[in-house]
Every structure is written in C-alpha cells, then in structure tokens.
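Colleague: I would like the atomic coordinates for the input below:
(2 chains)
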There are 2 protein chains.
Amino acid sequence: MSYERLIAHHRELALLSSVAALLEWDERTLMPPAAGPYRAEQLTALAGMIHRRRTDPAIGEWLDAAGDVGGDPASPEATNVRELRRAFDKESRRPAELVERITRATVIGQQRWQAARAANDFASFAPSLETIVALRREESAALGPTEHPYDPLLDDYEPGETAATVGPVLRELRDELVPIVRAIADDGRPPRRDVLERRYAPDAQAAFARDAAAAIGFDFDAGRLDTSAHPFCSGVAPRDCRITTRYLERFFSGAFFGVLHEAGHGIYEQGLDPDAFGLPAGSAVSLGIHESQSRLWENLVGRRRSFWEHFYPTLRAAFPGTLDDVTLDEFHAAINDVRPSLIRVEADELTYNLHILLRFELECALMTGDLSVGDLPGAWNDAMARDLGITPPDDTNGVLQDIHWGAGLVGYFPTYALGNVFASQLFERAAVELGDLDAQFAAGEFTPLRDWLRVHVHRPGQARPARALIEHVTGTPPAPDALLRHVRDVAALHGIESR
Amino acid sequence: MSYERLIAHHRELALLSSVAALLEWDERTLMPPAAGPYRAEQLTALAGMIHRRRTDPAIGEWLDAAGDVGGDPASPEATNVRELRRAFDKESRRPAELVERITRATVIGQQRWQAARAANDFASFAPSLETIVALRREESAALGPTEHPYDPLLDDYEPGETAATVGPVLRELRDELVPIVRAIADDGRPPRRDVLERRYAPDAQAAFARDAAAAIGFDFDAGRLDTSAHPFCSGVAPRDCRITTRYLERFFSGAFFGVLHEAGHGIYEQGLDPDAFGLPAGSAVSLGIHESQSRLWENLVGRRRSFWEHFYPTLRAAFPGTLDDVTLDEFHAAINDVRPSLIRVEADELTYNLHILLRFELECALMTGDLSVGDLPGAWNDAMARDLGITPPDDTNGVLQDIHWGAGLVGYFPTYALGNVFASQLFERAAVELGDLDAQFAAGEFTPLRDWLRVHVHRPGQARPARALIEHVTGTPPAPDALLRHVRDVAALHGIESR
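Modeller: Numbering: from 1, shown residues only, chains lettered A, B, ... in the order given. All right, here's what the predicted structure looks like:
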C-alpha cells in the first residue's frame, strides 16, 4: 500500500507540474503581452501547490514503509523507490532557510548580471556573485561531506557524478581538442560559410525543418513545433512534447540545427514511458543524457554527409536558386565550419566544448576557494587565450556572457560537454549494432537509430544513472575517445589530419 | 474580515478556473491529438479542486458574517456580496445526488443524441431525452416553487428572468417577424449571394478579419485570434481573451462575421474590470447580455452599409479581382440575404430568431408536461412550417440538429434571441448619445461605440441584472421594438416595406 500511495502522490505532483509546464510553454510562445502579470500569479499559485506536495512529510513515511524493493534494481518499481528516496533524502538535508536565502540571492543576481552585462561592468555584479558562491559553498557543506565541494551541486543535474569522475574526462577532452582547433584555425581550408547566409524564406525554413524533424522520428501526433524568442523543448505531458525555434531569414543553420537539437530532446521525451510520466521510471536520467540526445541528432546525424545526401536535393528545391552554385561537399563543409569565437551559444560543435571546459574549471576553483570572484575576469580571459587563442575585448563578451552564474546555477555547465561525450559513445555503439548507418541515412532511414535509442536509452527512464547507463549500453564508462574520433573526422573536412 | 476572506477565496477559485480555461483553449486549438487522455485527467483534477472550493461551507459563513453591505447596490462590494450569495443559495438548494444523476444522464444523452442524429433515429434518443426532461423538472421543483417550471432553469443562464418576463417579448418578436420573413421569401429581391462563394484565400481572410477585429476594438495586446473546428471566445484570464474562427476558402461570410461575433464577445471580456477577474463585479451579467455584444458587432455594425463604405475598398484589395464586378450595394445586399432554412447555425440574422423562438416554445411545453417527448418531432415540424414555411425532410435536419437538449441544456436557447433584442436596444441608445454612427463607421471610427459599451455595459460587471441594466442604460425594459425596426431596415434592402 505504501508504494501505491507514494506513486499516486507523485502522479498527482506530475499532473500539477504538467499543468504548470503548459502555462510556461504558452507564456513563451503565444500568450498576449498584457497577460504576463496574471500568468505569474497562476504559476506562483501552482508552484506553491507543487512545493507543498513535494515536501509532504508523508513521502518519507511511505518510503520507510516501502522498504527495499527486491528483484531487478532496474525494474520500474525499484527505480521509482530508489530515485524518489534519493531525491527526498537530498532535499531533507537542504536547509529550508538556506534555500530561501539562495532564492533571494539568485533573483537579485540575475538582475545585477543583466545590468552588468549591458554596462560591461563586472564590478557591479561581483558582490552578488560572491554571495551566490558563498551560499552554494554553504549548501555544499550542508549536503556533504563530499570529496570536492562541487560534487553536491553537480549531482543536482548529473546524479552520481563528481568532480573526480567527470574531471578527468573533461580535461582529457580539452587537452586533445585544443591543438586540433588551433590547427584548423591556423592551417585549415576555410569553407564557403557565406552559403548559409543567403536568403532563406522563413516559411520554407519552417516547412523544411518540420519535415526533417518528422523524418528523424519526432512524432507530430504527440508534439508541436512553434516559434519563440529562445528555442526550447518542453515535455508538457505524456504524448505532448513541444519544441520551438526561431527563424532568421539570412541564416539557415540557426533554426535548422536548432530544430534538430530540440527534436532530439523531444524524441527522448516521447520515448519515455508515458504511463510512468513524471515518475523516475518515466523520467530522463540527467541533463547530460538529455543533451546527448539533442547533440546526437543535431551534430552526429544532422551535420553528417550521408544525412545531406538524402536531404540536399530537397533543400535545394525548398529554396529555389539559392544553392545552385553550391555542391553537396561545399554545403557539408560549410555546416561543419570550425573557428574560435567569443560567445558560447554561437560556437561551432568543436569549440563549444572548450567554452564549457573553461567554465567547469573556473567554477570548480570558485567552489574550492582557489579562485576569488575578483580574479574571475582575468582567469576567464587567460583561459580563453590558452584554449581558444582569442581574448575577449570586454567582459560583456567574456565572463558576463552567460546567465547561469547570476541565476545561481553552479555545476550545470559540464552537462553540455558530457552530452557530447555520451552522444559519441552511443552513436558509435549504435553503428556497431545497426550496421551501415550512412547507407541508412542516405536512404532517408532514421527509424532504426531512433528505435535503438528508444530501447536502450529512452524507455528505461532512470533505471540506471548516467555513468551506469553508458557503460551498460556501450560497454565502456564515460570517456572522450569516441568524441575525439568524431572531432578528427570534422578536422579532416578542413584538411587537417591529426594522429 | 469576512468580506476579504470571501473575496480571497473566490480569487483563488478564479485563478484555478483560469488555469482550466487555458487548458481547454489549448485542447481546442493546438494540442497534439495524442495528448487528449492526459488532458482529460488534468481537467478532471482541476475540476475537482474547483468544485471543492466552490462548495466550501465556509463561503456560507463568510456571507452570513458579511451581512448586508450598505450604500450603492451597484458598488463592486455590494455586487460581489449579492451575487455570490445568490449563487451560493441557489447551489445549496440543488441536491447533490440530483446533480450527479443529471450529469450521468447528460453524458449518456449526448452520446445517444450524436448516434441518433447520424442515424436520423429520434426514437433511439427519446428515452434519454425523457429522462433529462424528468430530471430537469425534478430540479426545477427542488429549486422552486416558481410560477413556471422553466424559471429556475432559465435563471441559470439569464439570472432573474422568467417565462413570464421573457415570454411576451419573444412571442411578440415572433408574431411580427413571421410575416416579414414570409414577404421577403415570397416577394423580395434576391441578392447576388454567389459573390460570397467565390475564392477567398484563407491567409488573406485571416489578415482581413484580424484587421477588422482590431478596428472595432478587440485588443490584440490582451488577446489572440486562432483557428479551431468550432469558433469560440474564451476569456482565459484578465488581459488574455482568445477568439477563434474557421476559414472556408469558398465562403467569405462564415469566418468574417464569425470573427466579428467572437470579437464582440471578446471586447466584452476585455472591457470587464481586470482587477475583479472572476468576481461578480468583474464578470459578465448573463448569456443574453454576452450575446448582445457579439450580435451587435456582427450584425448591427458588421452588416451595415456604412461599415462597408469603410472596409469595401480594403476588401477588394485583399482579394484582387474577386469583387471587381460587384458594387458596394450588391455586396451589402448579399451579406444581408434572408431566406428560410432548416439549420439554426446556418440561418441568417432574421430567421435565426424564429429558430430560437420555436425551441423556447417547445422546451417550455416539455417542462410543463403539455408536450411529451414522443410528440416533439411532430411539434417541431409543425412549428417550422408555421414560422418559417418549410418542413424538415427528416429529424436530422429538424429536431435532432442541436446538441443542447441531449447535453441537458434547457433554458439556454432564449438567450440567443434575447441577445438580439438587447443589442438593438443598446445600439439605438448609443446612436442617440453618440450622434451619427454611420458617419463614424464610414470613417473607420469604431472607438466611440466601443468605449460607450465599455462604460455602460462592460465595466459595471454584474452591478445590475440584465433587465435592470437594459432599462438603466436605454430607459426602456427589454422589448422587441428596436430589433423590429432593424428587421424592417433589412427587409427594405430586399424591396420589402412593412408598416
């Protein structure tokens, strides 16, 4: 009975969260501008109802009474009990008054960050960031003891991972990537990047992107594609996953690869067990695994030559005349352009990792106290020079560019790079099991890969944490090797042979 | 304190209802098809939460403690207490187990009606309808005693009105309308109706309709226009009113006048006090008053020659070549075509009232027991022959055409005709106060009329019930005279001069 009550309670929680998710989706896509204040009241009321249920002491009693569920630890029942207990125990150790102080500090932090970025004035943001770092260290201590103060924070986004487990993976990735990126920048053949900046009618972009999302397996019977200022994916409800993008008439890649990226997130959401919606057995493993699904379709599939062997004729037909003078190989090289740049969210697939790795290094140092907030801008610029070979002209294009730290998010960044690591490992394994993926892609067949991911990654939900899942599926724990093999393939497109 | 608690409680109720309204809007416009079952779970859960709060016994205690609010009975405070008490007292007299039986009977009734309409088989629906009629009579008795068993049901939609108050108005309207409609059918000049059935590209229809809705005063900063299978207006939240329509390429009038109609509802919603959202002081008076606002803009403004003096050049430009051979007068006559037809929802502005009046007469007779369900189809056909001069070839196009009775809605129909009556009275009064409305419309000026309605009809909310509101604003209680003057104007367009 305790197990049934636990599940019924969390299904009710999922239902309320799902209502809130729809309101948030609507707010970001369609809501009339004047409706904002009342929407905030609605979401606040729902958040209160959700919070009360999430912290209901009865959960602890049900968990105690449920005891250990025997049998297969990857069964839905065992998964639900284990993960709900893990979450409940961690929340119980997080002091409520500290959570409140963090909430207040991050509201102020975001405002200060926004003003500071606009004014290129790091000093005005520094006190807020110092408070946030101090509070997160306090939180880490409350949740600890752990080997590294970063660990309890990283664990919020990537359960079970620590600085000691992901650090070596990420550092090895950086050490290998830096010389390859440098070689491409110094000696690579630059592609005809201008071909992506011609005129691409937004309506035709939308139709083409929708067709591609459907082709790779996003189910429009159980999902939508809309437009919003900032692209996102929301698994609003079981069988209701909504993705968004933004069309720029003079830049093809932004919207198109954005749709593949969000569709990848969406295919994961759609692949979860709908009957376990909102329960651990029907929820995503971690941000890193989620990101592996978006990056896999965006980069490993969507920037692959075989993908465009199938889609390039359709693309040319969708934008008559625009690409008449561009060969498939030239187009393929253009969408795989690599060049060091200042802004993370505009970076190419390879240098993107370097942006992440320097943030990971800096936030680890902030958490140990080895780096002070005052020294952060200098450390940022040094790391940019060291890893990307360029130095930001100002903090707006440097240390102030991301919202994350001002919003209190410490430990979030590495999940982006972990996503790339996981994606490459999964993709290599799929190729072993599914045979010639390039032949399939060239024939427009993406279902075998989608279904393989569904069986091995999506459907199990949180049956295994990320590290165990990757090892279970690929036979290898998280490691940068597969991603680095992919990196060398991209480098070869630019005429750079490494190793 | 009791008043404040009462209001806080109902604000929370409004907030939850508003969340449900957004989910319902989304379900009818955008929701992916596969998401239906979970949406039903969400709405059921919300309905439960809303029901528990609506029937909270504390409401009665707060109302008792609040006592009589002195001062102006039309003040927001007096309005809130009076109308919340009225609603609470009425709900308290409605036996819960009877409500449950009615709910069950109407679920079955709708299913049976749907099957019966498809199969043209009234007999298979008759037992369900008999049950519904019996239950509504039982409900009426529980809510009574009243002069006429119809009264408590009508009061649900048109508070304060009774068979004795609206009956004479509606019967006089019918007695005057019947010969005018007959004269138009027999001796009128038929307009070039085909001009509305040419090719009108849906995109251009949408843009033109949106411009017209904005011109008459629908605020797109606080609202939206979307498409749905069945057009509707939902005042989702304060400053968030959403209307829908459906575009048919080969019929201009359906979508365009539908948008004016829903925009009229929407302008009412947008004109209510947003700070009293969901409270009586910020809610619509009745269905009849709501319908008066939609019909006023759709028919009295939108089918007027002066409206098209302004819009016809734009219309011609929006559909190049389509209307080159059609004069303004020919177009104006076409959109005011009058001809008896079988189906209510497809009827023109004049005959529409006759469809309503016969339903009112029949449902009154069902409630008194003067008419049995078994005799209903015959009575329907007789009334159609008497009032519209045509006889349905089958029950699918006759007594089975509307969902209302199968869904248990008895007392709802007359609000449509009352809307027309109220609209004409309000429009005549506005013309007295605002001067030459035709000159304003021809110049594209609709704001004076919109603002006049806002001040006199929208902003007061439920300060006065419908009858008192109409008398307060126009100086005359509800009466068909103004509508009949308008009817004669329409008849004159067809060359029929009456009186």
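Colleague: And the most centrally placed residue in chain A, what's its pLDDT?
Modeller: Per C-alpha atoms, centre = their mean, the C-alpha nearest to the average position across chain A is that of A:Glu291, at 3.7 Å. The score at A:Glu291 is 98. That number is its pLDDT.
Colleague: which secondary structure element contains it?
Modeller: Using DSSP states H and E, A:Glu291 maps to helix A:287-295.
Colleague: Please determine how far A:Leu6 is located from B:Thr79.
Modeller: According to C-beta to C-beta, to the nearest Å, A:Leu6 stands 47 Å off from B:Thr79. Glycine gets a C-beta too; all of them are placed from N, C-alpha and C.
Colleague: swap in A:Phe427?
Modeller: Counting by C-beta to C-beta - A:Phe427 and B:Thr79 are separated by 65 Å.
Colleague: Show me what from the stretch 101-250 of chain A comes close to chain B.
Modeller: Proximity of the stretch 101-250 of chain A to chain B (C-beta under 8 Å from any C-beta of the partner chain) is limited to residues A:219-224, A:236-240.
Colleague: Give me the subset of these that lies in helices.
Modeller: Using DSSP state H, no member of those falls within helices.
Colleague: As TSV, these with neighbour count and pLDDT would be great.
Modeller: Shown next, in TSV, are those (neighbours: other C-beta atoms under 10 Å in any protein chain shown; pLDDT from 0 to 100):
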residue	neighbour count	pLDDT
A:Asp219	17	98
A:Phe220	15	98
A:Asp221	10	98
A:Ala222	19	98
A:Gly223	26	98
A:Arg224	21	98
A:Val236	28	97
A:Ala237	30	97
A:Pro238	24	97
A:Arg239	23	97
A:Asp240	28	98
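Colleague: If you tally nearby residues, what's the number for the nearest residue to A:Asp211 once chain neighbours are set aside?
Modeller: Nearest non-adjacent residue to A:Asp211, counting by C-beta to C-beta, 6 or more residues apart in numbering or on different chains: A:Thr314, 7.5 Å away. Number of residues near A:Thr314 (other C-beta atoms under 10 Å in any protein chain shown) recorded here: 14.
Colleague: can I assume A:Thr314 is in contact with A:Phe208?
Modeller: Yes - shown here, A:Thr314 and A:Phe208 form a contact pair, counting by C-beta atoms under 8 Å, at 7.2 Å.
Colleague: In the longest helix seen in chain A, which residues are buried?
Modeller: Using DSSP H to define each element, chain A has its longest helix at helix A:2-29. For helix A:2-29, burial by neighbour count (16 or more other C-beta atoms under 10 Å in any protein chain shown) applies to A:3, A:6-7, A:9-11, A:13-29.
Colleague: So what's the model's average confidence on stretch A:347-364?
Modeller: 97.
Colleague: Smallest gap between the stretch 201-350 of chain A and chain B, at which residue?
Modeller: A:Asp240 (3.6 Å; C-beta to the nearest C-beta).
Colleague: wait, I meant the stretch 51-200 of chain A
Modeller: A:Arg53 (12.1 Å).
Colleague: quick check, nearest of the residues of the stretch 101-250 of chain A next to chain B to A:Thr447?
Modeller: A:Asp219 (11.5 Å; C-beta to C-beta).
Colleague: hang on, isn't the closest one packed against A:Gln270?
Modeller: Yes - the pair A:Asp219 and A:Gln270 passes the contact test of C-beta under 8 Å, sitting 5.4 Å apart.
Colleague: Show me the domain layout of chain A.
Modeller: What automatic domain parsing lists as the domains of chain A is A:1-67, A:85-499.
Colleague: Redo those as JSON lines? Include distance to B:Val487.
Modeller: Output for the domains of chain A, formatted as JSON lines (distance: least, C-beta to C-beta, whole Å):
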{"stretch": "domain A:1-67", "distance to B:Val487": "37"}
{"stretch": "domain A:85-499", "distance to B:Val487": "46"}
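Colleague: mind checking which of the ones you listed is nearest B:Leu409?
Modeller: Smallest distance to B:Leu409 across the domains of chain A (C-beta to C-beta): 28.0 Å, for domain A:1-67.
Colleague: ok, the residue nearest to A:Thr165 when sequence neighbours are not counted - contacts?
Modeller: Spatial nearest neighbour of A:Thr165, excluding adjacent residues (C-beta to C-beta, 6+ apart): A:Arg467 at 6.9 Å. Neighbouring residues of A:Arg467 by C-beta atoms under 8 Å, 6 or more residues apart in numbering or on different chains: A:160-161, A:165, A:477-478.
Colleague: Check the gap between A:Arg467 and chain B for me.
Modeller: Separation of A:Arg467 from chain B (C-beta to the nearest C-beta, to the nearest Å): 32 Å.
Colleague: Quick check: phi and psi at that residue.
Modeller: Dihedral pair for A:Arg467: phi -60, psi -50, per degrees, to the nearest 10.
Colleague: That one and A:Ile108: what is the separation?
Modeller: Distance, A:Arg467 to A:Ile108, by C-beta to C-beta: 36 Å.
Colleague: For A:Ala215, give me its contacts.
Modeller: Neighbours of A:Ala215 in contact, by C-beta under 8 Å, 6+ apart: A:444, A:446.
Colleague: That one: which element?
Modeller: Counting by DSSP H and E, A:Ala215 is part of helix A:202-216.
Colleague: Contacts made by stretch A:51-58 with the rest, please.
Modeller: For stretch A:51-58, the external contacting residues (C-beta under 8 Å, 6+ apart) are A:5, A:9, A:12-13, A:16, A:91.
Colleague: Convert it to PDB, retaining C-alpha atoms only.
Modeller: C-alpha atoms of stretch A:51-58 as PDB (Å, rounded to 0.1, in the frame of the first residue of the first chain):
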ATOM      1  CA  HIS A  51       6.000  22.600  -3.300                       C
ATOM      2  CA  ARG A  52       3.600  21.600  -0.500                       C
ATOM      3  CA  ARG A  53       3.100  18.200  -2.100                       C
ATOM      4  CA  ARG A  54       6.800  17.700  -2.900                       C
ATOM      5  CA  THR A  55       7.800  18.300   0.700                       C
ATOM      6  CA  ASP A  56       4.900  16.400   2.300                       C
ATOM      7  CA  PRO A  57       6.400  14.500   5.300                       C
ATOM      8  CA  ALA A  58       4.200  11.600   4.400                       C
END
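Colleague: same question for that stretch, mean pLDDT?
Modeller: Stretch A:51-58 comes out at a mean pLDDT of 92.
Colleague: buried stuff in it?
Modeller: Of the residues in stretch A:51-58, A:53-54 count as buried by neighbour count, 16+ other C-beta under 10 Å.
Colleague: just stretch A:95-115 next, same as before
Modeller: The neighbour-count check on stretch A:95-115 (16+ other C-beta under 10 Å) flags A:101-102, A:105-106, A:109-110, A:112-113 as buried.
Colleague: next one: stretch A:82-99
Modeller: Going by neighbour count (16+ other C-beta under 10 Å), the buried part of stretch A:82-99 is A:82-86, A:88.
Colleague: which residues in the stretch 151-300 of chain A form strands?
Modeller: Secondary structure of the stretch 151-300 of chain A (DSSP state E, counting those that start in this stretch): strands located at A:223-227, A:233-237, A:240-245.
Colleague: Could you list the paired strands of the last one along with their orientation?
Modeller: Paired strands of strand A:240-245, with direction, are strand A:223-227 (parallel), strand A:233-237 (antiparallel) (DSSP bridges).
Colleague: To B:Ser253, which of these lies closest?
Modeller: Proximity to B:Ser253 (C-beta to C-beta) singles out strand A:223-227 among these, at 30.4 Å.
Colleague: re earlier: quick check: buried residues in the helix or strand that the helix holding A:Glu291 is followed by?
Modeller: Heading C-terminal from helix A:287-295, the first helix or strand you meet, by DSSP H and E, is helix A:305-318. Along helix A:305-318, these residues count as buried under the neighbour rule (16+ other C-beta under 10 Å): A:305-312, A:315-316, A:318.
Colleague: And for stretch A:189-202?
Modeller: Going by neighbour count (16+ other C-beta under 10 Å), the buried part of stretch A:189-202 is A:191, A:195-196, A:200.
Colleague: Sounds good, over and out.
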